[in-house]
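> Here's my sequence, what's the structure:
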Amino acid sequence: MNAPRTRASHVFTISFPEELAKQVVAVAEEENRNLSELFREAFRTYKLERVQRKLMAMRRITAERTSMQTPEDEIEPVITRARDE
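Numbering: from 1, shown residues only. Take a look at the predicted model:
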């Protein structure tokens, strides 16, 4: 009895407007790739850009928080003024 084989990949069905589909095929042909290779590369690029966008957002938040903080050399005078009041 044969054991069922498991796939090493997953098949997706996607649809594109006709003009975009023509562009996809043209790019694949220009790069001598099949559509699967083209879409795998596109997804890897998308994931990388997504990580970069998240990193930039975290850097922006950190910069905003850092700019709102009192510099270390100004902390003692602020504490002294607060105690004097």
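> quick one: low-confidence ranges for this protein?
For the chain, applying pLDDT under 70 flags the ranges 1-3, 68, 70.
> centroid residue for it?
By C-alpha atoms, centre = their mean, the chain has its centre lying nearest to residue 50, at 1.1 Å.
> Which strands and helices lie in contact with the host helix or strand of that residue?
Assigning secondary structure by DSSP states H and E places residue 50 in helix 35-68. Contacting helix 35-68 under the criterion 3 or more C-beta pairs under 8 Å, 6 or more residues apart in numbering; DSSP states H and E are the following elements: helix 18-30. From N, CA and C alone the C-beta is placed, and that goes for glycine too.
> Output the contacting helices and strands for the helix it packs on.
Contacting helix 18-30 under the criterion 3+ C-beta pairs under 8 Å, 6+ apart are the following elements: helix 35-68.
> Tell me the helix or strand right after the helix it packs on.
Along the chain past helix 35-68, the next helix or strand (assigned with DSSP H and E) turns out to be helix 72-84.
> Keeping just the C-alphas, turn that next one into CSV.
Listed in CSV are the C-alpha atoms of helix 72-84, where the atom choice follows Å, rounded to 0.1, in the frame of the first residue of the first chain:
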residue,chain,number,x,y,z
GLU,A,72,21.1,63.9,31.1
ASP,A,73,23.2,67.0,31.9
GLU,A,74,20.0,69.0,32.5
ILE,A,75,18.4,66.6,34.9
GLU,A,76,20.1,67.8,38.1
PRO,A,77,19.1,71.5,37.5
VAL,A,78,15.5,70.5,36.8
ILE,A,79,15.4,68.5,40.1
THR,A,80,17.0,71.3,42.0
ARG,A,81,14.5,73.9,40.7
ALA,A,82,11.6,71.5,41.5
ARG,A,83,12.8,71.0,45.0
ASP,A,84,13.3,74.8,45.5
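> Look up how far residue 71 lies from residue 44.
Taking C-beta to C-beta, to the nearest Å as the criterion, residue 44 is separated from residue 71 by 42 Å.
> Could you check which of these two has the larger neighbour count?
residue 44 (10 against 6; other C-beta atoms under 10 Å).
> Good, we can wrap up now.
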